[in-house]
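In: build me a model:
(chains A, B, C and D)
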Number of protein chains: 2
Amino acid sequence: MRGYPFDPVARKAGIATFARMTIRPASRHPHGQPSIASVAARAGVSIATVSRVVNGVANKASAETTARVRQAILELGYRPISAGRDLRQRSSRIVALLTANLANPAMAAIAAAAEAALRADGLVMVLCDTHDRPDLQDEYLLAMRAQRARAIVLLGAVASPGLARMQAEGETLVFVSRRSPHGTATPFVGIDNRRAGTEVARHLVGRGCADLAVVHGALSSSATAERLAGFRAEARRLGCALPPRAILSAAATEHLEIGYQAMSVLLRRGRAPTGIFCTSDLIAFGAHRRLLEEGLAVPRDLTLVGFDDSPLNDWVAPWLDSVRVPYDSFGPAIARAIAGSPDADAETTLPHRLIVRTQPPPERRDD
Amino acid sequence: MRGYPFDPVARKAGIATFARMTIRPASRHPHGQPSIASVAARAGVSIATVSRVVNGVANKASAETTARVRQAILELGYRPISAGRDLRQRSSRIVALLTANLANPAMAAIAAAAEAALRADGLVMVLCDTHDRPDLQDEYLLAMRAQRARAIVLLGAVASPGLARMQAEGETLVFVSRRSPHGTATPFVGIDNRRAGTEVARHLVGRGCADLAVVHGALSSSATAERLAGFRAEARRLGCALPPRAILSAAATEHLEIGYQAMSVLLRRGRAPTGIFCTSDLIAFGAHRRLLEEGLAVPRDLTLVGFDDSPLNDWVAPWLDSVRVPYDSFGPAIARAIAGSPDADAETTLPHRLIVRTQPPPERRDD
DNA sequence: CTGAAAGCGCTTACAG
DNA sequence: CTGAAAGCGCTTACAG
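Out: Here you go, the predicted model:
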């Protein structure tokens, strides 16, 4: 599964390119880059042999031939042009990552981790931001199929006709964070959202928050729905059942706005809850800002729990408790799901962790 | 300059794909996707004709022929496979964006804007995070050349042998935010950093901050150097010249760490400055956290100015003043630089704006 | 207005 | 161990 860029030979060639190319100006090659033909000519072998050496096909070239070819590759600074191979092999080294929202630092972190892991497998990642829009998602799905993408990773899929279609057609799809909105589909990489929701409930109740609320994003996201379900069930079990009116969202597409607006509603109803679970950090940010405007302080006046635990939280949101998803682990897990042997686990559950930054307020305010 | 995906015909074909493909199972086509040959066969024309229709070559097909071809495209859900055209045309629709740090929300915002603008031109963006590392940057440059990337956008370039080489060879490079570290190179898209630095100095001095400091990132970045130069010059002009010891950085790669560590140094020296200019928001975040640990509050005890004005600042850093760069405008500007006619401006200077969120403290604390 | 054919740069059976 | 040749899916002069 190791691709060209990490084949030892090719790698050496690539690294040496810049150092050596000064010797022979690019003008030597009819069309800029040196092609496999120029390497073959220089090494005095056939292009088939060069191809085998480049791809590390074992026991197919004598030591001397291999050495000569490598030498030529080094001297010319040869790197195979992808389109040639792609055409021949009917598949490219491109992997598409469709993310629902790049503005979320946690998504950006996962995207970066995925990129690094895929690169280590010799793959190239194309990043697309669907903004959670079905039409954009379909546009990208189509475009990536035309690119012969080896796999399409959906970091937060949304229901769309194109997705349903491709899923049915057996396109290589990897669902991350959210499950497929179109019936069971694997591979899937994510965390145990239900359990995380449970833990958040335990945290808030354990801290003495009797008056709970949840502010959530679209329930079409399996992640959101599972977080909420876990939270509700555990809160009920602990004797703090949530009335329906304590579970709210807002008709906004941006999580920041959802948090802000939902918090406005909560405040309008009177005294703020003592513990609020926001199903994403961005929602928590929005809610927090509204609280500030109201003169309320976190965690002095209430406990706020977010989700994802954005890498920046440590720096800018010390007032926020949050469930940390292991961004970096997503990279290798995604790469494995793509490269994976057919018998590999279809479902990867990564470990999450509730990060508690705040101390419980010494006592409840008495206004 | 409008590419295939936005050709009206092809677009329609693409959109209709999912609706129609149910009629004819994929198995009809020997290798999954329908090829130009299957369209030609179905329409009863040559593949040359199909190609012309798909690419909208004017006056090269009768109305009836065009209609028949479009019909076939619709029915089969045909989308040209990129590798074929790439190979033939010796260039692809891929544009690489090499960013220095995706964890910076401002960079992520620019990347997202670039992606949208490029997509509107029928291009596909590959995103790579160089982490400001020369070796990684070179690795990516090489990989993207092998992909026949139509252009490589460097959002925060760092000096590297490979970059110097490609610049010399006339590769299509677009420098964004930071200028080329290897001599003048265009196109360049950025803001007037020197002037922004000037404005920050005026802001701080105007607010009565007599005791100024700067915490900056690597000066090899032209953006950082220019910001600093503008700030120094204006501070001096206003009679608040900075002593060398008030200009500091830290030996860390992460801006968050730089801010934290540099602030530690400042605090160790005694009373904190009354106005601090951090050359990035992340540096400001790091500095702020250190201040919090010290029991200092912003803006009560001092004014902090960052740079970039991260989209999240409104929500999580109401204590921070910052220079906002117009993220969204970067997208079209980058797209123009790539598609641009040769006589297009080689340099695009986008407008920035100092965002003042904080009120000056009513009076200086008297400890 | 339309088509036959060359060729882009690779990989990979197939012979030898 | 090595090479000649076919073919991946396109575009584009060139003829007609």
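In: and the residue nearest to A:Ala246 when sequence neighbours are not counted, bridged to which residues?
Out: Spatial nearest neighbour of A:Ala246, chain neighbours left out: A:Ala213 (4.4 Å); criterion: Cβ to Cβ, 6 or more residues apart in numbering or on different chains. Any C-beta I mention is one placed from the backbone N, CA and C, and that applies to glycine too. For A:Ala213, the beta-bridge partners are A:Ile276 (DSSP bridges).
In: for A:Ala213, give me its contacts.
Out: A:242, A:246-248, A:266, A:273, A:275-277 (Cβ atoms under 8 Å, 6 or more residues apart in numbering or on different chains).
In: what pLDDT does it get?
Out: What the model reports as pLDDT for A:Ala213 is 96.
In: quick one on the thing from earlier: any idea which of the contacts of A:Ala213 has the most stuff around it?
Out: The member of the contacts of A:Ala213 surrounded by the most neighbours (other Cβ atoms under 10 Å in any protein chain shown) is A:Phe277, with 32 neighbours in all.
In: how close does it sit to A:Ser177?
Out: Distance from A:Phe277 to A:Ser177, counting by Cβ to Cβ, to the nearest Å: 18 Å.
In: how is chain A carved up into domains?
Out: What automatic domain parsing lists as the domains of chain A is A:92-190, A:193-326.
In: send me stretch A:170-177 as PDB with only the CA atoms.
Out: Taking Å, rounded to 0.1, in the frame of the first residue of the first chain, the C-alpha atoms of stretch A:170-177 are listed here in PDB:
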ATOM      1  CA  GLY A 170     -20.300   0.900  -3.900                       C
ATOM      2  CA  GLU A 171     -18.000   4.000  -4.200                       C
ATOM      3  CA  THR A 172     -15.300   4.000  -1.500                       C
ATOM      4  CA  LEU A 173     -16.800   6.200   1.100                       C
ATOM      5  CA  VAL A 174     -15.400   6.700   4.600                       C
ATOM      6  CA  PHE A 175     -17.800   8.300   7.200                       C
ATOM      7  CA  VAL A 176     -16.100  10.200   9.900                       C
ATOM      8  CA  SER A 177     -17.700  11.600  13.100                       C
END
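In: list the contacts of that stretch.
Out: Under the contact criterion Cβ under 8 Å, 6+ apart, stretch A:170-177 has outside partners A:110, A:145, A:150-157, A:163, A:166-167, A:180, A:185-190, A:223, A:325, A:330, A:334, A:337-338.
In: what does the stretch 201-350 of chain A have sitting close to chain B?
Out: Counting by Cβ under 8 Å from any Cβ of the partner chain, the positions of the stretch 201-350 of chain A adjacent to chain B are A:256, A:282, A:285-286, A:288-289, A:292, A:311-312, A:314-318.
In: min pLDDT across the residues you listed, which one?
Out: Comparing pLDDT over those, the lowest score belongs to A:Pro311 (90).
In: and chain A, which residues reach DNA strand C?
Out: A:4, A:31, A:33, A:35-37, A:47-48, A:51-52, A:54-55, A:78, A:80-81, A:83-85, A:87-89 (Cβ under 7 Å from any atom of the strand).
In: need the nearest residue in space to the closest residue to DNA strand C within the stretch 51-200 of chain A, chain neighbours excluded.
Out: With distances taken as Cβ to the nearest atom of the strand, the stretch 51-200 of chain A approaches DNA strand C most closely at A:Gly84, which sits 2.6 Å away. Setting aside the residues directly before and after it, A:Gly84 is nearest to B:Leu87 in space (Cβ to Cβ, 6+ apart), at 6.1 Å.
In: then A:Ser160?
Out: Setting aside the residues directly before and after it, A:Ser160 is nearest to A:Pro134 in space (Cβ to Cβ, 6+ apart), at 3.7 Å.
In: show me which residues of the strand or helix carrying A:Ser264 are buried.
Out: Following DSSP states H and E, the helix or strand that holds A:Ser264 is helix A:255-268. Residues of helix A:255-268 classed as buried by neighbour count (16 or more other Cβ atoms under 10 Å in any protein chain shown): A:255-256, A:258-264, A:266-267.
In: of the residues you listed, which is the nearest to DNA strand C?
Out: Comparing these against DNA strand C with Cβ to the nearest atom of the strand picks out A:His255 as the nearest, at 44.0 Å.
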